[in-house]
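Student: Build the 3D model from these lines:
(chains A and B)
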Amino acid sequence: MLAVDLLAVDQGDIGTVGLAASGVLVLVAVAISLWRRLGLERSLLWASLRALVQLLLVGWVLQFVVDPDDPLIFSVIWLLAMIGFAAYTTSRRAADVPKVLPLSMIAYTASAVVVLGVLFGFGIYELEGRTLVPLAGMVVGNSLAATVLVSRQLLIAASEQRGLIEARLALGLTASESFQPQLRQALRTALVPQIESTKAVGIVFLPGAMVGLILAGVDPADAVKVQVSVMYLVLGSVATTTAVMSIGISRELFTPAQQLRRPARRVDT
Amino acid sequence: MPSADAFELRGVDAGPVGDPILRGVDLDVPANGVTVLAGPSGAGKSTLLRLLNRLDDPLAGEIRWRDRRLTDWEPTELRRQVAMVFQRAPVFPGTVRENLAVALPHITGDRAVHVLEHVGLETDLLDQDAETLSGGEAQRMCVARALLTDPAVLLADEPTAALDRAARATVEDLGRSLAESGVAVIWVSHDTDQLRRLADHVIVLADGTVRAMGHLADLDASDDPLVRRSVGAP
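Tutor: Reported below is the predicted structural model:
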């Protein structure tokens, strides 16, 4: 029998032994890979080890950021670093998008201001490191995939639907008017997955925030309220980030003379 | 002396940066009747056409219309007066009526009927899905859509290249009737038979420059074999 302190688990601490024991599940995945000859054993082990090291490192740093005695400025610096890293990641994944790095910085910052402004401005959460860091992480982290998606979709649309866009320009429409249908479609494509995920929550899966709170001993009814606010946060942040990003990219795709720019290099679809 | 409505090109280079398709073009494009831009593939016909409504800008030189540099025109206003139809008729999602409304929002029923009749389309097509139109119908719808901006000039970039013979004939007739009604038509074509049916004026481009310009009879007698070939001289 494992010497896991169940009382400590109630308080969210599974201990080193518990952590090591959960590694058995990685070995289950490795065993399946070996059994079915998937060739993924090294990737599984490397990914698991990397996740462990990264999270331990983050956890060690966070103890200097989120402690109530730490100045709030540390959390703000952490937030800015997250935004910077998310913008950098977006620029790597959507490298063909013009001015992708500055546009991403603006988009993630705008989203953080709007969403965190509501959460803390309305007093939904107390403004402190313990709340600012995880909530900001959700804003930025959950917007990343959608932001990359909308960026690439816009670039592909500008390339593949050039004829339709120029036909609208040729009728005397502005660049903004000419690109509206493509912009709308790209935003829908980026937002629908998050909408579907929100619809399925609680039925198909129990979301992580709620699970974490319940494991830490929080009353499920209270955990649910937190989780719902988090889901709304994610919806709002994804919508804001993708909207700001798409408006910025749309402007970069056209010249001041309302001409659709030619791509610098071939767009990979 | 060109008419005030002519397009004046002076020292125009155009095309990809570092490898222009048009080089040092000096040209007055007539703004009456049907002007056909002819010449071999890659000569710069479509490139030149796209300069006239500023879908593209030249790399060098100046273009004027109605005594104003094109760059002095508000681009949207210029394009409403210098309309364009394309080789592949760009049909927007929705009905024929909704396609027309892109050019003229809040278009009235009477206006929509009138413009369809003008291009020889059945008016009961108005509420039909535009993507179900035949090639010839779609191209005529595109002309109708362009006409809703009351243009003085219609640029036509090989508008019949993707059409069968019957549809080609109806679009050609439409181009001719527009020119006769006062809308100057500037038409790019590879088809020498079409050129001979349509052209009041011909501009022959080759190797990025203007090889010849004038009336068909004059170009038929040109000393330049490329020019005679480009206009299908007998």
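Student: Tell me how many other residues surround the residue nearest to residue A:114 when sequence neighbours are not counted.
Tutor: Nearest non-adjacent residue to residue A:114, counting by C-beta to C-beta, 6 or more residues apart in numbering or on different chains: residue A:240, 5.1 Å away. For every residue, glycine as well, the C-beta is placed using N, CA and C. Using other C-beta atoms under 10 Å in any protein chain shown, the number of residues around residue A:240 comes to 20.
Student: so who does residue B:162 touch?
Tutor: Applying C-beta atoms under 8 Å, 6 or more residues apart in numbering or on different chains, we find residue B:162 in contact with B:87, B:88, B:89, B:135.
Student: Test my guess that the last one contacts residue B:160.
Tutor: No - between residue B:135 and residue B:160 there is no contact under C-beta atoms under 8 Å: 9.2 Å.
Student: Now the common contact residues for those two.
Tutor: When C-beta under 8 Å, 6+ apart defines a contact, the residues bordering residue B:135 and residue B:160 alike are residue B:167.
Student: Give me the more crowded residue out of these two.
Tutor: In terms of neighbours (other C-beta under 10 Å), residue B:160 is the more surrounded of residue B:135 and residue B:160; the figures are 23 against 16.
Student: Checking that one next. Helix, strand or coil?
Tutor: Put simply, residue B:160 is coil when judged by DSSP: H, G, I helix; E, B strand; the rest coil.
Student: Which residue is the nearest non-sequential neighbour of it?
Tutor: Nearest residue to residue B:160 in three dimensions, chain neighbours excluded: residue B:168, at 4.1 Å (C-beta to C-beta, 6+ apart).
Student: which residues touch residue A:259?
Tutor: When contacts are counted by C-beta under 8 Å, 6+ apart, residue A:259 is found next to A:169, A:175, B:54, B:55, B:56, B:57, B:75.
Student: distance of the fourth one from residue B:92?
Tutor: Spatial separation of residue B:55 from residue B:92 under the definition C-beta to C-beta, to the nearest Å is 17 Å.
Student: again, but for the fifth one
Tutor: Summarising the geometry, the distance separating residue B:56 from residue B:92, computed by C-beta to C-beta, is 22 Å.
Student: related to what we said a few turns ago, out of the contacts of residue A:259, which is nearest to residue A:98?
Tutor: Nearest to residue A:98, judged by C-beta to C-beta, of the contacts of residue A:259 is residue A:175 at 13.8 Å.
Student: For the closest residue to residue A:45 other than its chain neighbours, give me its contacts.
Tutor: Leaving out its chain neighbours, the residue that sits closest to residue A:45 by C-beta to C-beta, 6+ apart is residue A:30, at 6.6 Å. When the contact criterion is C-beta under 8 Å, 6+ apart, the partners of residue A:30 are A:41, A:44, A:45.
Student: hmm, try it at 10 Å
Tutor: Under the criterion of C-beta atoms under 10 Å, 6 or more residues apart in numbering or on different chains, the neighbours of residue A:30 are A:38, A:40, A:41, A:42, A:43, A:44, A:45, A:48.
Student: That one sits in which helix or strand?
Tutor: Taking DSSP states H and E as the definition, one finds residue A:30 inside helix A:24-35.
Student: Just checking, which helix or strand succeeds that helix along the chain?
Tutor: Immediately after helix A:24-35, counting by DSSP H and E, sits helix A:41-62.
Student: Restricting to C-alpha, output that following helix in CSV.
Tutor: What follows is the C-alpha trace of helix A:41-62 in CSV, where atoms were taken according to Å, rounded to 0.1, in the frame of the first residue of the first chain:
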residue,chain,number,x,y,z
GLU,A,41,7.9,5.3,-26.5
ARG,A,42,10.7,7.8,-26.6
SER,A,43,8.3,10.7,-27.4
LEU,A,44,6.0,9.8,-24.5
LEU,A,45,8.8,9.5,-22.0
TRP,A,46,10.5,12.7,-23.2
ALA,A,47,7.3,14.7,-23.2
SER,A,48,6.4,13.5,-19.7
LEU,A,49,9.8,14.3,-18.4
ARG,A,50,9.8,17.7,-20.0
ALA,A,51,6.4,18.5,-18.6
LEU,A,52,7.5,17.5,-15.2
VAL,A,53,10.7,19.6,-15.3
GLN,A,54,8.9,22.6,-16.8
LEU,A,55,6.1,22.5,-14.3
LEU,A,56,8.4,22.1,-11.4
LEU,A,57,10.4,25.0,-12.6
VAL,A,58,7.3,27.1,-13.0
GLY,A,59,6.0,26.1,-9.6
TRP,A,60,9.3,27.0,-8.0
VAL,A,61,9.3,30.5,-9.7
LEU,A,62,5.6,31.1,-8.9
